[in-house]
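**Q** Kindly generate the corresponding structure for this input.
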Amino acid sequence: MDFKTILPNHELRARARQQLKGAWGIMALAMFVYMLIAIVPQFLFWEHSPLHNVFLDPLMSLSVAAISGPMALGIAGFYLKRIRGMEISVGNIFDGFQRFLPAFLLAFLSGLFVMLWSLLFVIPGIIKAFGYSMAYFIMHDNPDIRPREALKKSEAMMKGHKFRYFALQLSFIGWYLLGILSLGIGYIWLSPYVYLAMGNFYENLKAGQEKPAEQIVEQVVERATEQVVEQKPKTSGLDADTWKIR
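**A** Numbering: from 1, shown residues only. Model prediction:
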């Protein structure tokens, strides 16, 4: 798939729809499982729920917080695999648990920093959240990266592209409203569309930013080669005739 140039958001959404073809079932199932594990428990045990328990509620909150990072990492990898034409299975959404601690720390640090920036005002917090939006994709592609480094790399990648990302999210506003009207059920089918669009956004940014780096390396190698070719070979200080056998 060609990602050599920065694509408009409508093209990213079009690619997401194309990638959904033939995979709606498995993607909806994966999202259902994800929501069942990472989201539904928060509503079952919230303060006004009949299942609310003063002892179980803190335990449930901690459990959901602990798995949110690994689950988000697994979801990121799941959709990137689909975008890249690889085979996917529902089990892929649990791949993030193979890197539990880095994924957990990534979720913790990003949440903490967004919260701190939000104390200044809501908008700085939102901007910071946009800056961190590529962190899980980056961690998926770089297994050895540290959480803080993934956040920094995401911010660098999103520099100059936050508004375009905001516009992409805003383009789904109608779908979000339909999801609310369906009591959240519609999100099972909407979320794969949104995640694929986000994944394509990441792939597009990554390809666009890696290309200049590759060109720089090629230019450096080319210049070094030219210098070697142009440089005259040096002798050891003895004329070649000295070594001739008369």
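
**Q** quick one: least confident helix or strand in the protein?
**A** helix 40-44 (a mean of 63; mean pLDDT, DSSP states H and E).

**Q** For the helix or strand that comes right after that one, which helices and strands make contact with it?
**A** Using DSSP states H and E, the next helix or strand after helix 40-44 towards the C-terminus is helix 56-83. Under the contact definition 3 or more CB pairs under 8 Å, 6 or more residues apart in numbering; DSSP states H and E, helix 56-83 sits against helix 9-20, helix 24-38, helix 40-44, helix 100-120, helix 135-141, helix 187-230. (C-beta placed from N, C-alpha, C; glycine too.)

**Q** Could I get the average pLDDT for helix 56-83?
**A** For helix 56-83, mean pLDDT is 86.

**Q** the inter-axis angle of it versus helix 24-38?
**A** 160 degrees (axes from the mean of the first three to the mean of the last three CA atoms, to 10 degrees).

**Q** Could I get the buried residue list for helix 56-83?
**A** By neighbour count on 16 or more other CB atoms under 10 Å, the buried set for helix 56-83 is 60, 64, 67-83.

**Q** quick one: low-confidence parts of the protein?
**A** 1-5, 40-58, 60-61, 210-246 (pLDDT under 70).

**Q** Show me the residue sitting in the middle of it in space.
**A** Closest to where the C-alpha atoms of the chain average out (CA atoms, centre = their mean) is residue 137, at 2.2 Å.

**Q** Neighbours of the residue nearest to that one when sequence neighbours are not counted, how many?
**A** Here the nearest residue to residue 137 in space, its sequence neighbours aside, is residue 202; by CB to CB, 6 or more residues apart in numbering that works out to 4.3 Å. Residue 202 has 27 neighbours, counted by other CB atoms under 10 Å.
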